[in-house]
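[1] Let me see the structure of the following:
(one chain, ligands or ions: 2)
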Amino acid sequence: MGKVALITGITGQDGAYLAEFLIKKGYIVHGIKRRASSFNTSRIDHLYQDPHVEQRNLILHYGDLTDSMNLTRIIGEVKPDEIYNLAAMSHVKVSFDTPEYTANVDGLGTLRILEAVRLLGLIQNTRIYQASTSELYGLVQEVPQKETTPFYPRSPYAVAKMYAYWITVNYREAYGMHASNGILFNHESPLRGETFVTRKVTRAVSRILLGMQDQVFMGNLSSKRDWGHAKDYIKAMYLILQQDAPDDYVIATGVTTTIRDFIRMSFLEVGVEIEFKGVGLEEKGFIAGIKESLFEEKMGVSCLESFKKRLGEVVVRVDSQYFRLTEVELLIGDATKSKTKLGWIPDYDLPLLVKDMMESDIREMKKEAYLKEGGYIILDHFE
Ligand code: NAP
Ligand code: GDD
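    Ligands and ions are numbered 1, 2, ... in the order given. The predicted model follows:
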């Protein structure tokens, strides 16, 4: 019999990759999904099995991190060997609009899971992974940030996650639970939510290249993030729960990049050079050059002919509505402990991540253009 895992937040970016990874390892994976008025399982549809299939390896349960009785019932029925608590209201800016809800889900939600495991008498059977975050470092007290760096959270999201971090440590120390925190720095992928900065950029750049959108409005272009690939980071979650003793680990690449440079890299993927001029709200990104053979290879010849007319135009502008009240300016992690103790080695670096996301979004946007949007790609279609 394979091990049994329970993933909260299975419909999110990390939940989807982790579910696939664990199923390939022979696990039976149970997932908690929220009831929604429209389908919210697109990231895991390829793993879905009809409830009539015997011996399913993916089983979904309706639930919510705000509902203790629901969580306790599911954990009691499933009796998982491992719980990966990934569910959260995970958007930092939105947490300023919904601070109480964020505290309830991201903070108390973790307590509800720990308490359920304790009350059900599963302490010796069930290991728990808590999705902690580099946002805990906030106004950073040390560069780079590691496990011993003091926290200084800068948003309702980060403050809620700080409670979750410490309640996990407390249950480990008080009750001897195998409960661990992964302090994960930003990780992205083609499955990343569309309102996080990397995906917003790769989607918008793809649409601009295809003539489906003129420009994109961004917030703070100067903040720096340590971006890795979600496919690498979910492997670290698994490794953390395979250790004999529970502990807390930083997962990061050790490289930090501005939002501005991420935008440049995304355009450069198809040979478009962007130059930024101006400061603050007046900063703008212009099309400064086009490497035509690369562009043609990736986008097609008629798309190139149309796009060439845009040389010199503004494609990136700043809008203060995307600024944060208290910003986290710089994140860069030191993952030495994870590399030495877990043997965690990432496969992707930032250029590979950008390539993966751009290729995926160009493909997706081309499909959209054919189906309904119009844009330059239609010209290629008729060639
Ligand atoms: P995500 O794509 O936003 O997924 C969040 C998941 O949580 C979704 O499945 C969502 O369900 C679910 N969820 C939200 N509120 C819930 C509630 N009240 N009850 C039950 N489920 C709920 O996030 P992610 O990028 O995969 O991140 C996974 C976890 O790691 C999160 O806890 C996040 O805070 C943390 N984290 C992420 C990063 C990163 O860079 N990605 C870094 C550090 C830590 P719906 O699909 O229905 O919305
Ligand atoms: N979302 C967004 N949209 N961010 C922008 C924009 C924009 O238009 N313009 C600039 N930014 C800046 C933000 O101000 C922030 O400094 C940075 O881009 C990254 O923003 P997000 O991609 O929204 O991620 P985050 O760093 O705030 O939070 C993510 O990473 C955390 C780990 O450090 C989320 O995944 C959190 O759940 C996670 O804990």
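
[2] all contacts plus neighbour counts: C-alpha atoms, from now on.
    Fine.

[3] Stretch 337-344 spans what distance, first to last residue?
    9 Å (CA to CA, to the nearest Å).

[4] Now do it, average pLDDT.
    Mean per-residue pLDDT for stretch 337-344: 98.

[5] cool, stretch 220-238 as well?
    Here the average pLDDT along stretch 220-238 is 99.

[6] what number of residues lie near the residue in the stretch 1-150 of the chain that ligand 2 sits nearest to?
    At 3.9 Å from ligand 2, Ser90 is the closest residue in the stretch 1-150 of the chain, using CA to the nearest ligand atom. Counted with other CA atoms under 10 Å, the neighbours of Ser90 add up to 18.

[7] which non-adjacent residue is nearest it?
    Tyr157 (7.2 Å; CA to CA, 6 or more residues apart in numbering).

[8] Touching the helix or strand containing Lys161 from outside, list them.
    Assigned by DSSP states H and E, Lys161 belongs to helix 156-175. With contacts defined as CA atoms under 8 Å, 6 or more residues apart in numbering, helix 156-175 is touched by 89-92, 95-96, 99, 102-104, 106-108, 110-111, 114, 123, 130, 132-133, 135-136, 138, 153, 177-181, 246.

[9] again, but for stretch 94-114
    Counting by CA under 8 Å, 6+ apart, 65-66, 68, 71-72, 85, 87-89, 130, 155-157, 159-164, 167-168, 171 sit against stretch 94-114.

[10] Ala88 falls within a helix, correct?
    No: assessed with DSSP: H, G, I helix; E, B strand; the rest coil, Ala88 is coil; it does not lie in a helix.

[11] hang on, the earlier thing: is ligand 2 contacted by the helix holding Lys161?
    No: Helix 156-175 lies out of reach of ligand 2 by CA under 6 Å from any ligand atom, never closer than 7.4 Å.

[12] If you average the pLDDT over that helix, what comes out?
    On average, helix 156-175 scores 99.

[13] before we move on, what about stretch 270-284?
    On average, stretch 270-284 scores 98.

[14] Same check on stretch 40-51?
    Averaging pLDDT residue by residue across stretch 40-51 gives 94.

[15] Stretch 298-310 too?
    94.

[16] Check which residues of it are buried.
    Lys298, Met299, Gly300, Val301, Ser302, Cys303, Leu304, Ser306, Phe307, Arg310 (16 or more other CA atoms under 10 Å).

[17] picking up where we left off before, what is whichever helix or strand comes after the helix holding Lys161 packed up against?
    Once helix 156-175 ends, the next helix or strand along the chain (criterion: DSSP H and E) is strand 179-184. Judged by 3 or more CA pairs under 8 Å, 6 or more residues apart in numbering; DSSP states H and E, strand 179-184 is in contact with strand 127-133, helix 156-175, helix 230-242, strand 248-251.

[18] Quick check: neighbours of strand 179-184 in the sheet, parallel or antiparallel?
    Strand 179-184 sits in its sheet next to strand 127-133 (parallel), strand 248-251 (parallel), going by DSSP bridges.

[19] Of these, flag the one that's most buried.
    Of the strands paired with strand 179-184, the one with the most neighbours on average (mean count of other CA atoms under 10 Å) is strand 248-251, at a mean of 26.

[20] where's stretch 108-128 relative to the chain centroid, distance-wise?
    25 Å (CA atoms, centre = their mean, to the nearest Å).

[21] what about that stretch, near ligand 1?
    No: remark: stretch 108-128 sits outside contact range of ligand 1, by CA under 6 Å from any ligand atom, the gap being at least 7.9 Å.

[22] Okay, now that stretch: how far is its last residue from its first?
    With CA to CA, one end of stretch 108-128 sits 15 Å from the other.

[23] Report the mean per-residue pLDDT for that stretch.
    The model assigns stretch 108-128 a mean pLDDT of 98.

[24] Just confirm Arg192 is within a helix.
    No: counting by three-state DSSP, Arg192 is not part of a helix but coil.
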